Each structure stands twice: as C-alpha cells, then as structure tokens.
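S.K.: Sequence plus predicted model, see below.
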Amino acid sequence: MSESAALAGVAARPAGGFEAAVARLMRPVEAASAALLALIVVLLFGAVVARYALRLPLVWIDEVVSLSFIWVAMLGAVIAMHRNEHLRLTLVVERLDPRWRVAVQAFALVAVAAMLVVLAPQAWTYMIDEWPVHTPELGWPNALRVAAITFGIVGMLALVLAFAWRTVGLRALLVAAAVVSVFAFALSAGAPLFKALGHWNLAIFLFGGVTLFLLAGVPIGFCFGLATLAYLGFATTVPLTVVIGRMDEGMSSIILVSVPVFVLLGCVLDSTGMGKAIVDWLASLVGHVRAGMSYVLLGSLFIVSGISGSKVSDMATVAPALFPEMKRRGHKPREMVALLATGAAMADTVPPSIVLIVLGSVAGVSIAGLFQSGFVIAMVLLAMLLVLARWKARREDLHGVAGISWPLVGRLLVVAAPALVLPFLIRSAVGGGVATATEVSTIAVLYALVIGHWIYGGLSVRQVYRMLVDSAALSGAILLILGTASAMAWAIAQSGVVHQMTGWLTTMPGGAGTYLAVTILIFLVLGCVLEGLPAILLLAPIMFPIAKKLGIHDIHYAMVVVTAMNIGLMLPPVGVGFYVACRIGEGSPDEVMGAMWPYLAALVAGLVVIAAVPWLSTVAL
C-alpha cells in the first residue's frame, strides 16, 4: 500500500513567520496524537494481561480505546494535511503545462476546502445529537468521542486554506472558487432533473465525480467525500448529517485500532535495524547461489511483511539493505525495482496484513481465518516469483562470489533470531486465541521496543515520539479514506442498485467461475486506480454476499480479492504502489515499467491458480 503522497504537489515557498507559527500550533496536536497512541498500546496490552493472567476482564478499556482511537485518527488526518501526505493520484496533474497545473491544483484545493466547509456544521450537529448518548461502562457522553470529527474537519480546513494561500496564490484561488461555485449552482438548478434519473445518478455523481476529482489531484478520501455529498445533496433528500455518521462508523471499528499500531510496528522495525538483521542472515545463507540475491529479496519481504503489515514499510526496510550488493553483482536497477514491487504485492497477505484486517472488518470475515489462509496464499505467489527469478538468473555471473560460511550464518542467525520470532509470535497469538488481531499488534510493538532497545541498539525517547507522530499521521490519512469510502458505500447500498447487481451477477452463465473472473478484472482495475483499501471498502459489502449466494467460501473469495487488488496496485502506468516502489528503489518509472510485465505475469498466473483451487485458501483453516 502507498501511504504518503503530496496534497498539491507544488513546491512550497520558503518557510517564514506564518509557516513557523503554523508549525508551533501543530506541536500540541502532534503531542496529543503521540500520547493517545501510546495510551492505546498500553491499555490494549493491559487488557490481554488482565484477561489471561489475572482472569479479570476490563470491559471499560474498550470504551477508552475507542475514544482515543477516533481522536488519533482525526488528529493524524490534521497532521497529514499539514505535511501534505494525503494519498492522491498525480499522474495526470504532473504532465500538465505548468500554467494549467497551477489552475488544476487550485481547483483541487478549493474543492477540498468546499467539502470541509459543508461538513463542518454537519459534524457539529452530529456531535450535539450524540451528547445524550452515554457509554455503558463509564457513562461518558458519546459526544466526547465524536467531537474528534468536528475538530479534525475544522483543523484540516484551516490548514488547507493556509496551504492554498501559500502555494497557488490569490488569483488562482479566486478563479478556482468561481469555477466550483458555478458547478455547485448548476447542480443545484438541475436537482429536480437528477432526482428523476434514478440509478443513473450513481454513474453521474459517484463514478463521474470521483473520476473528475481523482484526475484533478484531489486526495482520494476527499474524492469519495465530495462525490457522496454531491449525490446526496443534489439527487436525493437524505440529510447530509448522514455522511458524518457513516464516516464515524467507518473509522470507529475496534478492529481498525490495529492499523495505527501495526504502522507503529513498521516504524520500530525500520528504526531498530531488526529488518536489516533478517536480510543479512538470509543473504549469508543463500546469497551465494544463482539468483541468490533475488531469493534474499523475496524471502526478506515475506518475513518482514509478517512483522510490519505495511507494503511501504516492507520495501523501505529491504531495498536499502540489498540493492547495493545486487548492483555490485550486476543486477539491473529496473529488474531490482520490478522484483521489489511485485514481491511487496506477493507478501501483502502474510499476517499481520492491514488489508486483511480492514477486509475482515468490512466483510464480516474471520480475521484469524484470513491470517491463516494469507500465509499459504503468499507462499503460492512466492513460488511463482522464485521460479521466474531463477529463470532470469540462468546466465548470472557468480565469479568472485564467496561461498557459504557457516560460522557467519550462525553468528547472523543469533543476531536475527529475536526478530525472526516476531512473525511466529503474531500468528500464534491470533491463531491460538490468546489475543485478537488488535491486541496482538500491541504485544508485537512492545516486544519489538524491548528487543530493539536491548539487542539492536536501542531507541531514544525522541525517536519513539517521532515514530508515534508519524504513525498517527499515516494512519489518519488511511482512516479518513475508510470513513469517506464507508459513506459512499452506504449511499450505493441505499440506492437499491446492489439488489439489482445481485440478481444480474448470480444469473450469469458459468456460475462461481465466471463470478471469480469478473471479480479479478474488477479488483485489478480498481486496485490500480483507487488504491487497495478504498476498493475493498466500496465493493466488499456488495460482492461478498453475492459470492456467498454462489457457494464461494468467504476466505477463498477474500484471497482472490486481495491478491487481484495487490497486483492492480503495482500495474503501470497508473498503479500507486508502482510509483512508490520506484521512489524507494530509486528507479525511473519509464525504465522499470518495461521490466514489470514478466513479474506481473507470474503473479497473475498465481492468482489464476488461487482462484481455481479453493483448497489452497482453506487448507490452513
């Protein structure tokens, strides 16, 4: 998954007094997000200890964690806005003439501001409506929790206006504001016509609107929010407060608490050198054989993914440790980056996987079952890539490459052993019922912090604080997408089109086989265009019930969906993950694009096997 991208893509002017003042105002926000994320880790770990060691379940912890989590999400979204780290598609904007680029970027910023202006009073109303509702254990007003949404919307609005003023200038902003106002007036005037169009409004607003905003460089989460607001506001009579309620529901699931914690785990992995220890051990073991460094790269991604849960963290850990030696052995940079990208797609089902956690939450599928199946499915894809890597290395020159040194392997294994334990700790804790996917993430973080401190060089308080803030920012960007996508998914479901789609898809010739083929095509395309999590959030509630009616096992279907989505994420020239891999591996996208196709073909071949053989997905259950 790409977890960072610039909001507007324009080089900011040199920081002055205004920027310094904004930075000072952000410090309390960062401190609060770090403190709350640390509190979540401590409380969830305390819940596990109390339940299993003391036989004392502490139910109130879930209420405190739920409140803290929504605040971390919205504070993180504000921090991400300040850092320009909300995910967006830049392919079209970056190819425009500079003058048009500024105009389009101004439009994107005004559109984001317009969405926040519309949502702010709705968020306030929602907060007031939630004041009489109290939590069952502690008796706290629910408004204390949902106030985070109001704060986040107002904070992001202030920051986007400040950023727009500083980067694109007043004239471009006034023109963009005029264009947005004309659009809004035209849609308002046409509201009676839209209400008479029925389901065509879904294509006009939700598909057409998202496409327009996406191409203009509006961050993906805001694309969903803008399209949903336009659809509900101009084509229905549904009050817009519903959008805030759906956002709240989409971001508040206790299962999703593991997202920021696993992101934090990835930061700890990078900072302590635990990932590098694993890479060094694998290199000493098989680095001397033909295609050995490719094996090491893929094996490292497989193992490290079982710790971090994030594709970006996996690639950032493995590439710097291996690429210099691979270049020395004659590997071409474009081949290295292609293998890095497809290897990350392969390893994304290795538990803990943020994608699997989100999918389990949205589709109502057992996360423990997804974790057990994901390990086997990743091995199938790994085998495909290993075979291709070996074939490509058939003429590799091993002259001057030292053979295996068992004493060195032993020494590096001793160093790497504490890190190698972590993936098995995570899988066994979830599979054995000791902890939920949410709780095990905190166990893994605390284990990594302790091991990292005593064995891998330690972490300063400043480093830990920085990691907490970075994790909150990254998680906020992800969770905002989940919230707005949840609102859009609700709008689609309420339209009644899902019922019609169900009837059409369940009567297609070919039954389950045809449906799986359609699923693969849909998620290849949407994984490429929308990035992974939004595609899952929009379609999982629609497509999983249909798969169940056709007799497809939910775990098998989940593996097909996630694998197709991950491959789509790496598809050039649009796939966001493809560009992230190029950036991390320092490869030119134009050069890497040509090298990607054989590796993608290997993954597609693996996907076909996974879809055709359900036993692979269910054998570990």
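M.R.: Sure, I can see it.

S.K.: before we move on, which element is Ile522 in?
M.R.: Element membership for Ile522 (DSSP states H and E) is helix 511-530.

S.K.: Buried residues in that helix, which are they?
M.R.: For helix 511-530, burial by neighbour count (16 or more other Cβ atoms under 10 Å) applies to 512, 515-516, 519-520, 522-530. All C-beta spots, glycine's among them, are computed from the backbone N, C-alpha and C.

S.K.: By mean pLDDT, flag the weakest helix or strand of this structure.
M.R.: Lowest on mean pLDDT, DSSP states H and E among the helices and strands of the chain sits helix 497-506, with a mean of 72.

S.K.: Next, the angle from that helix to helix 511-530.
M.R.: Angle, helix 497-506 to helix 511-530, by axes from the mean of the first three to the mean of the last three Cα atoms, to 10 degrees: 130 degrees.

S.K.: The helix holding Ile522: how far from the chain's middle?
M.R.: 19 Å (Cα atoms, centre = their mean, to the nearest Å).

S.K.: What is it packed up against?
M.R.: The contact analysis (3 or more Cβ pairs under 8 Å, 6 or more residues apart in numbering; DSSP states H and E) places helix 511-530 against helix 532-549, helix 554-569, helix 589-612.

S.K.: Go through those helices and pick out the most buried.
M.R.: helix 554-569 (a mean of 27; mean count of other Cβ atoms under 10 Å).

S.K.: any idea of the mean pLDDT in that one?
M.R.: Mean pLDDT, computed over helix 554-569, is 92.

S.K.: How far off centre is that helix?
M.R.: With Cα atoms, centre = their mean, you get 15 Å for helix 554-569.

S.K.: Just after it, pick out the following helix or strand.
M.R.: As assigned by DSSP H and E, the chain's next helix or strand after helix 554-569 is helix 576-585.

S.K.: residues contacting Ala448?
M.R.: If you count contacts by Cβ atoms under 8 Å, 6 or more residues apart in numbering, Ala448 has them with Leu265, Val268, Leu269, Thr272, Met274, Ile307, Leu422.

S.K.: just checking, what packs against the host helix or strand of Asp314?
M.R.: Per DSSP H and E: Asp314 is located in helix 311-328. Packing partners of helix 311-328 (3+ Cβ pairs under 8 Å, 6+ apart): helix 258-272, helix 274-286, helix 292-308, helix 333-346, helix 576-585.

S.K.: Helix 258-272 and the second one, what's the angle between them?
M.R.: What it means is helix 274-286. 60 degrees.

S.K.: Contacts for helix 274-286, please.
M.R.: With Cβ under 8 Å, 6+ apart as the test, helix 274-286 has contacts from 268-269, 292-293, 295-296, 299-300, 303-304, 307-308, 317-318, 321-322, 325, 404-405, 408-409, 412-413, 415-416, 418-420, 422, 448, 451-452, 456.

S.K.: Quick check on those: which are buried?
M.R.: Buried among the contacts of helix 274-286 (16+ other Cβ under 10 Å): 268-269, 292-293, 295-296, 299-300, 303-304, 307-308, 317-318, 321-322, 409, 412, 415-416, 418-420, 422, 448, 451-452, 456.

S.K.: Test for you: state the pLDDT assigned to Val289.
M.R.: The per-residue pLDDT reported for Val289 equals 79.

S.K.: three-state assignment of it?
M.R.: coil (DSSP: H, G, I helix; E, B strand; the rest coil).

S.K.: What count of nearby residues applies to it?
M.R.: A total of 17 residues lie near Val289 under the criterion other Cβ atoms under 10 Å.

S.K.: Could you do Val619 as well?
M.R.: 11.

S.K.: For Ala368, see how far away the closest residue to it other than its chain neighbours is.
M.R.: Among residues not flanking Val619 along the chain, Val376 sits closest, at 6.3 Å (Cβ to Cβ, 6 or more residues apart in numbering). The gap separating Val376 from Ala368 is 14 Å, by Cβ to Cβ, to the nearest Å.

S.K.: swap in Leu381?
M.R.: Distance, Leu381 to Ala368, by Cβ to Cβ: 21 Å.

S.K.: These two - which one has more neighbours?
M.R.: Neighbour totals were compared for Leu381 and Ala368, and Leu381 leads with 28 against 18 (other Cβ under 10 Å).

S.K.: That one should be in a helix, yeah?
M.R.: Yes - applying three-state DSSP, one finds Leu381 inside a helix.
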